[in-house]
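> sharing a model that was predicted from the sequence below.
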Number of protein chains: 2
Amino acid sequence: MSIQTVTDLSRLCVHTITTRPWDIDTAVQQYAQAGVKGITVWRDALTGRDIRATGQMIRGQGLEIVSLCRGGFFPHTTAIGRQKAIDDNLLAIEEAALLGAPLVVLVCGADPAQPLEESRRQIYEGIAAVLPQAKAAGVKLAIEPMHPVYADTRSAINTLAQANDMAAAFNSPWLGVAVDVYHVWWDPALQEQIIRCGSNGHLLAFHICDWRVPTRHLLYDRGIMGEGCIPIRQIREWVESTGFTGFHEVEIFSDEYWAQDQHAFLQRIRDAYLAHG
Amino acid sequence: MSIQTVTDLSRLCVHTITTRPWDIDTAVQQYAQAGVKGITVWRDALTGRDIRATGQMIRGQGLEIVSLCRGGFFPHTTAIGRQKAIDDNLLAIEEAALLGAPLVVLVCGADPAQPLEESRRQIYEGIAAVLPQAKAAGVKLAIEPMHPVYADTRSAINTLAQANDMAAAFNSPWLGVAVDVYHVWWDPALQEQIIRCGSNGHLLAFHICDWRVPTRHLLYDRGIMGEGCIPIRQIREWVESTGFTGFHEVEIFSDEYWAQDQHAFLQRIRDAYLAHG
């Protein structure tokens, strides 16, 4: 079976972190001009700004706000640390509501000073503590399983199965999962777990980029679609086979690309999306 | 339940790669002098040597040869590449027999130019092609699941469950798995899968080191036991709860430690093993 590539830009979203050197005014203007239709806003882009007015500015440029990145980081060895994390997640939900973002993505966190099982328990408790506020604000939360290379400090939720299990445990329309090809492409259970979350309404977001061979930095060497080994189109096909009609969000952390001209980089992203998305 | 630390050096094995600057004569002499009881020999340490005589030299110093590292790397997009890999594995088995090593560890391989599923199929076929020779030579093979960060070029077998499934598919006393804490510590199914391979005779080797926080290099920044976040003692306890009485093999790749005095490094390994093993 041959898998079709995307045919237009109607589902293309870009994360503000992808073009980190740009402030949000520039990013919004350039994305809109390039034909990008959606934007996911990272919280650092909102620092010192009127969030409600920023949301209006974004929509005024014709962009759909797909999500706010990011909440999470619930585990800490101390109760004070855990409460701070909960407070910050409540703030993220409030920011999302002000911005008009329907979703907050959760990088759930891990504390290397304690067992992963304890971090997982604290993630559960953290989500339980903030989910009522998410519902009240009309903002969904998406657990993003993180690649196992980030199990030390970024997330104790490292497979889509774990994220799905967590979402199933809450069984709330306000909690689901985010599938980022970078984190899950290696997983032998990937197709099965995409079908699982897609068919029960828990698949809330789909992030794309590529895995470079070799990868030179654990955090900041993600590739543009097509320059690595992730079967992006195959994974998108699995995602969309479940009825998912959301955006394809380009989320690239790259010291190399951030050092380059961002206009040319955005053009490359657009071309690569059409060729490999 | 509190988990006991090791009480002596009787199960301590060191991989020659751990002290890479030393040639094998020096390594064997220094390991023996430090009270190390086992050695796993990397094939590069045998280059240009009489392998049978090297085995005798090692045993003459009172060290037990635990395994030969490493075979595997079966997947290739070309049939010629796959045949070369099979030939190399047959050679590794022959070398192990000459050395007197009862086990060859397999880093199974992955080719980023093809889907992981195809690489997995080729791994199965590669093992099938060499297993009769392993049996004839009296040498076991151990599938070592590799951390998902190595799914691009090193192995398409990234969880202990996958390795166990592969070993179960062959159901041979000559094929099992190697558990390296560095590769599997993040896995939520770890305990269950250790019990699984341990109770059916497939748990053939146990490797230790630590996961540094942060990890600065994807390949060459492994830590000494105790300087990272892996619950080594907990994992050893799971391994030994199955009746495993084999060696605890210290396998550390580290540009930092390789640049230091190897005598001091070996002493640190010994101390760390007693404190955190």
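Yes, it's here. Note that the structure is predicted; figures quoted are calculated from it, not measured.

> and the residue of the stretch 1-150 of chain A found nearest chain B, how many neighbours?
When scored by CB to the nearest CB, the stretch 1-150 of chain A has A:Pro112 as its residue closest to chain B, at 3.6 Å. All C-beta spots, glycine's among them, are computed from the backbone N, C-alpha and C. Counted with other CB atoms under 10 Å in any protein chain shown, residues neighbouring A:Pro112 total 20.

> tell me how far it lies from B:Gly277.
Plainly put, A:Pro112 is 19 Å away from B:Gly277 if you go by CB to CB, to the nearest Å.

> for the stretch 101-250 of chain A, list the residues in contact with chain B, please.
Selection of the stretch 101-250 of chain A residues close to chain B by CB under 8 Å from any CB of the partner chain yields A:112-113, A:115-116, A:120, A:147-149, A:151-153, A:158-159, A:162, A:185-188, A:211, A:213-215, A:218, A:228-229, A:231, A:234.

> what do you get if the cut-off is 6 Å, keeping everything else the same?
When proximity is defined as CB under 6 Å from any CB of the partner chain, the stretch 101-250 of chain A approaches chain B at A:Pro112, A:Pro148, A:Val149, A:Ala151, A:Asp152, A:Asn158, A:Gln162, A:Trp186, A:Pro188, A:Val213, A:Cys229.

> tell me the buried residues in the helix or strand hosting A:Arg59?
Counting by DSSP states H and E, the element that carries A:Arg59 is helix A:51-60. For helix A:51-60, burial by neighbour count (16 or more other CB atoms under 10 Å in any protein chain shown) applies to A:Ile51, A:Thr54, A:Gly55, A:Met57, A:Ile58.

> surely A:Glu237 and A:Ile3 touch.
Yes - assessed by CB atoms under 6 Å, A:Glu237 is found in contact with A:Ile3 at 4.8 Å.

> between the two, who's got more neighbours?
The neighbour comparison of A:Glu237 against A:Ile3 (other CB under 10 Å) goes to A:Glu237, with 15 against 12.

> please name the residues that touch that one.
For A:Glu237, the contacting residues are A:Ile3, by CB atoms under 6 Å, 6 or more residues apart in numbering or on different chains.

> separation between it and A:Leu203?
Counting by CB to CB - A:Glu237 and A:Leu203 are separated by 14 Å.

> tell me which element A:Gln4 is part of?
Assigned by DSSP H and E, A:Gln4 belongs to no helix or strand.

> so how many other residues sit close to it?
A:Gln4: 9 surrounding residues under other CB under 10 Å.

> what does A:Val213 give?
Neighbour count for A:Val213, taken as other CB under 10 Å: 14.

> quick one: secondary structure of it?
Following DSSP: H, G, I helix; E, B strand; the rest coil, we place A:Val213 in the coil state.

> wait, it sits on B:Tyr150?
No - A:Val213 is beyond contact range of B:Tyr150, at 10.9 Å (criterion: CB under 6 Å).

> quick one, helices of the stretch 151-277 of chain A?
With DSSP state H, counting those that start in this stretch as the criterion, the stretch 151-277 of chain A has helices at A:160-170, A:181-184, A:190-199, A:232-241, A:255-258, A:262-276.

> got JSON lines for the ones you listed, with mean pLDDT and distance to B:Thr18 too?
Putting those into JSON lines (pLDDT from 0 to 100; distance: least, CB to CB, whole Å) gives the following:
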{"stretch": "helix A:160-170", "mean pLDDT": "98", "distance to B:Thr18": "33"}
{"stretch": "helix A:181-184", "mean pLDDT": "98", "distance to B:Thr18": "31"}
{"stretch": "helix A:190-199", "mean pLDDT": "98", "distance to B:Thr18": "34"}
{"stretch": "helix A:232-241", "mean pLDDT": "98", "distance to B:Thr18": "38"}
{"stretch": "helix A:255-258", "mean pLDDT": "98", "distance to B:Thr18": "31"}
{"stretch": "helix A:262-276", "mean pLDDT": "98", "distance to B:Thr18": "41"}
